[in-house]
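[1] Quick one, fold the following:
(chains A and B)
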Amino acid sequence: MILWEILKMAASALRVNKLRTSLTLLGIIIGVSSVITIISALDGLQQSIESELEVLGPSTFIVTKFGIIMSEEAFLEALKRKPLKYEYVEAVKKGCDLCTEVAADVDTRAEVKYREKKMSNVHLEGGSANLLNIIDIQLDQGRFFSEEEDHSRRRVAFIGSALQEELFPGLDPIGKTIKINNTKFEIIGIAKKRGSTFNDNADAIAIIPYNTFTKYFGDSRRSTDIVIKAASVEMVQPAMDQVRVVLRAMRHVPYDKEDDFGIVTADAIMAALNDITKYLRMGLVGISSIALIVGGIIIMNIMMVSVTERTREIGIRKSIGARQKDVLIQFMYESLILSMTGGVIGIAIGVILGKVLISLMNFNMTPSLSAIMIGLAISTGVGLFFGIYPAMKAARLMPVKALSYE
Amino acid sequence: MPLIETRDVWKTYQMGTVQVNALMGITIAIEKGDYVAIMGPSGSGKSTLMNLIGCLDTPTKGEYYLAGSRVSELEDDELARIRNKQIGFVFQTFNLMPRASAFHNVELPLIYNGTPKDIRHEKVIRAMTSVDLADRMNHRPNELSGGQRQRVAIARALVNEPSLLLADEPTGNLDTKTGQEIMNLFSRLHKEGNTIIIVTHEREVATFARRILMIRDGQIESDEVVSETEKIANGTKL
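    Okay, the predicted model is just below:
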C-alpha cells in the first residue's frame, strides 16, 4: 500500500527530468543489449552446432584413428597410429553383441560434374549399405544402395539436395550419370535437405558404396571410420567397451598401453567444442559486461546528483514523517525503474541484434529464454547494486540539515 | 502534565575547532492548548529550540518530554513517527513539493503513516476546507499566491490532527495583509483547541499568542503573558 504510493512518487520524479532519465536509460540499454547480443549469438552458435551433431544420434558413436584431439602433442602422437582397416568392421560385428548396426565410412572432398555444370568441394563419403540406419540422413527420392552393390563395387551414388539444385535445376536426377573426379556414377537416390552450418553446406554431399570408394579413390593409408549404433542409449558405454576389446586385440595393443584409436560421440564433440570456446565465451561476455558496468555507474552518478539536488525535498519528506526506510525505498525504486526499463529495452534490442548477427553468419536460431532471464537478472542486479549507496545517502540525511540546504 | 517539557536542554555545535553553544540550559513547560510565541533576535537560538521541540534534531544534553514520553533519547525512525503523528510544521518558506498538487502535498503525511486511500481523501478535503482552499486542491504551489501556499502548508500540518502546530516565521515571506490573515487563521485554530508554537522575531506577530518566551544567547530571557491591552493595541485580539 505505502510501497505502491512510494513507487508512484519515484515514477513521477523520473518523469520530471525526461532528458536525464532517457540518457541514463541509454547507458543501461547499451550495456544490457551488448551482453544479450553476445549471449544470444553464442547460444545460437551452440544450437547450430548441436543441430549439426544431431546427425549422430544419442546411441551412435564412431571409432576413428584420431578421436578427439585437444593438443598438439596428442596430435603428433596420434599421427603415428596405424590406419583403421575394413576388416575391423566385420570383427566388431562379431565381437560386439550390443552393437545393432556397424558400418564402415571413409570420406574425402571431390569434384562432381554433370555435363557442363560442376560443383567442387563436395563431401564424398564411402559407406556401408546400412549407413542410413545409423546416421540421421533421410531418403527423399529414389533409394540408397544395397549390400550387394557395395560388394560388387557398383558405381552408384546417393546425393544431397545441394547437388540436385546445383547440377539438375528443374530436372529429375535419378538415373542420370554424373562424374565424380572423372569417374562415371549413376544417381540412385536423393537425401532430404538438412540445412547448413558454419557456411558449410551439409547438403553438398555424395555417398557411394564403401568398396566402390576404395576401388576408385582409395589408398592404403586411408583410415576407415567405424560407425556404430548401440542397442540403446544406456548400452552405449558397454558397447564401446566391447568394441575396444575387439580393436585392441586386433591391433595388438599391450594391456598397459592406451588405445591407439579414438571414439567419438556427439556429446564428446560438444564437450570438446565447449572446452575450446570456453575462454572465447568468457572473454566476449566479459568485454560486453564492461558496457553494463558503465551503465550501472551512470545510474549511480545520476542518483548521487539527484540526491544532492533534492536534499531539501528529502528534508521536507522527513519533517512530515518519512522514515529512513521510506526515503531509501523511494530512491531504490528510482534506480530500479531506470535499470529495469533499460533492461527490458536492452533485451529487446539485444535479441534482435543477436538474430541479425546469427543470420549474417548463416545459422538459424530461436531467441533464447535464458538470455532474457539473464538480462532481467543483471539489469535488476545493476539497479540494486549501484542504487543502494545513493539511496542510503538520501535516507541518512539529517532532517535539520536537509531542510536548511540551499 | 505539560504537553512539552524541557529540562536543562543544551545544544552545542562543533564549528571547526570552536564549540558553539546554541542553547544553554533551556527549561520550559508548555501546556496543551496553549499558544506560545518564541521570540528573539537572529542567532539567539530560537530556531534551534524549535527544531528540538519539533523533533527535527536532538539535544546535546538535557531531557525533552513530549506528551509525557521522553523523546530526547529516541532513534531516527521513532522521531519520524512523532513528527508524522504529533507535530505539524509550518515553515517560513512553505516547504511544499513544487511539482505536486496542493492535494498531494497535504496528502503526503497521511501516505507516510499508511492511511488508506479513501480516508486520506476525506481528511485532505477536511483540512483543505478548514483553511478555505477547497477550490484550489488541484493547483500546484507555483499557481498559488504566497498566502495560499502557506495555507496549504497549514493544511498539511493539520491533516494528521497533531498535538502541536509548530510555525517558524510563518509570515516571514508574506506581505503585511496576508501575514495578518495567516495569523488570524492561527488564532482561530488555537480557539478550536490546537496547541500552537510560533517562532518569530516580530513583536506584532508574537502578540497574537497568549504567552511570549524571549530567548537571547541561548537562554530564556523572559516568559510573559501578553496583556489584553497590547493585543488590542496591535489589533491581534480575535
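[2] Distance from the chain centre to stretch A:248-264, please.
    For stretch A:248-264, the gap between its own C-alpha mean and the chain's C-alpha mean amounts to 32 Å (CA atoms, centre = their mean, to the nearest Å).
[3] Now the phi/psi pair for A:Met119, please.
    Here is the backbone geometry of A:Met119 (degrees, to the nearest 10): phi -140, psi 120.
[4] who touches it in this structure?
    A:Met119 makes contact with A:111-113, A:162-163, A:166-167, A:204 under the criterion CB atoms under 8 Å, 6 or more residues apart in numbering or on different chains. C-betas here are computed from N, CA, C, even on glycine.
[5] most surrounded residue in these?
    Compared across the contacts of A:Met119, A:Leu163 has the highest neighbour count, 25 neighbours, by other CB atoms under 10 Å in any protein chain shown.
[6] Which helix or which strand is home to that residue?
    Secondary structure assigned from DSSP states H and E places A:Leu163 in helix A:161-167.
[7] continuing past that helix, what's the next helix or strand?
    strand A:177-180.
[8] partners of that following strand in the sheet?
    strand A:99-114 (antiparallel), strand A:183-191 (antiparallel) (DSSP bridges).
[9] Could you provide the ones you listed in JSON lines, with additional columns for distance to A:Ile298 and mean pLDDT?
    As requested, those are arranged in JSON lines below (distance: least, CB to CB, whole Å; pLDDT from 0 to 100):
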{"stretch": "strand A:99-114", "distance to A:Ile298": "53", "mean pLDDT": "92"}
{"stretch": "strand A:183-191", "distance to A:Ile298": "54", "mean pLDDT": "94"}
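[10] Adding distance to A:Val294, write those out as a markdown table.
    A markdown table is the format used below for those (distance: least, CB to CB, whole Å):
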| stretch | distance to A:Val294 |
| --- | --- |
| strand A:99-114 | 48 |
| strand A:183-191 | 50 |
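[11] Poorly predicted segments of the chain, please.
    Here I'm looking at chain A. Chain A contains residues with pLDDT under 70 at A:1, A:195-200, A:361-368.
[12] To clarify, I was referring to chain B.
    Residues of chain B meeting the criterion pLDDT under 70: B:237-238.
[13] give the contact list for the residue in chain B that chain A sits nearest to.
    Closest residue of chain B to chain A, CB to the nearest CB: B:Asn84 (2.3 Å). Counting by CB under 8 Å, 6+ apart, B:Asn84 touches A:320-321, B:109, B:112-113, B:160.
[14] helices or strands up against the helix holding A:Leu163?
    strand A:99-114, strand A:117-127, strand A:183-191, strand A:205-209 (3 or more CB pairs under 8 Å, 6 or more residues apart in numbering or on different chains; DSSP states H and E).
[15] looking at the ones you listed, which is closest to A:Ser33?
    Nearest to A:Ser33, of all the helices and strands packed on helix A:161-167, is strand A:117-127, at 37.6 Å by CB to CB.
[16] Partner strands of that closest one, with direction?
    In the sheet, strand A:117-127 lines up against strand A:99-114 (antiparallel), strand A:205-209 (parallel) (DSSP bridges).
[17] Which residues of the stretch 1-150 of chain A lie near chain B?
    Within the stretch 1-150 of chain A, the positions near chain B by CB under 8 Å from any CB of the partner chain are A:1-2, A:5-6, A:12, A:16.
[18] before we move on, back to that, and which of the contacts of A:Met119 is nearest to A:Asp260?
    Using CB to CB, the contacts of A:Met119 come closest to A:Asp260 at A:Ala204, 32.8 Å.
[19] pretty sure the closest one is in contact with A:Leu163, am I right?
    Yes. Between A:Ala204 and A:Leu163 a contact is recorded at 6.5 Å, counting by CB atoms under 8 Å.
[20] Mind listing the shared neighbours of the two?
    If you check A:Ala204 and A:Leu163 against CB under 8 Å, 6+ apart, the residues they both contact are A:119, A:122.
[21] which of the helices and strands packed on helix A:161-167 is buried the deepest?
    Greatest average neighbour count among these goes to strand A:205-209 (a mean of 25), per mean count of other CB atoms under 10 Å in any protein chain shown.
[22] what's the next secondary structure element after that one?
    Scanning forward in sequence from strand A:205-209 by DSSP H and E, the next helix or strand is helix A:210-216.
[23] partners of the next helix or strand along the chain from that next one in the sheet?
    For helix A:210-216, the following helix or strand on the C-terminal side (DSSP H and E) is strand A:225-230. Within its sheet, and counting by DSSP bridges, strand A:225-230 is paired with strand A:60-64 (antiparallel), strand A:99-114 (antiparallel).
[24] between the following helix or strand past strand A:225-230 and strand A:60-64, how many degrees?
    The first helix or strand that comes after strand A:225-230 along the chain, using DSSP H and E, is helix A:236-250. Per axes from the mean of the first three to the mean of the last three CA atoms, to 10 degrees, the angle that helix A:236-250 makes with strand A:60-64 is 20 degrees.
[25] packing partners for helix A:236-250?
    For helix A:236-250, the packing partners by 3+ CB pairs under 8 Å, 6+ apart come out as strand A:60-64, helix A:87-95, strand A:99-114, strand A:225-230, strand A:262-264.
[26] run the last query once more with 6 Å
    Using 3 or more CB pairs under 6 Å, 6 or more residues apart in numbering or on different chains; DSSP states H and E as the contact test, the elements touching helix A:236-250 are helix A:87-95.
[27] in the sheet, who's paired with the residue nearest to the spatial centre of chain B?
    The centre of chain B sits closest to B:Leu166, judged by CA atoms, centre = their mean, with a distance of 1.1 Å. Assessed by DSSP bridges, B:Leu166 has beta-bridge partners B:Phe89, B:Ile197.
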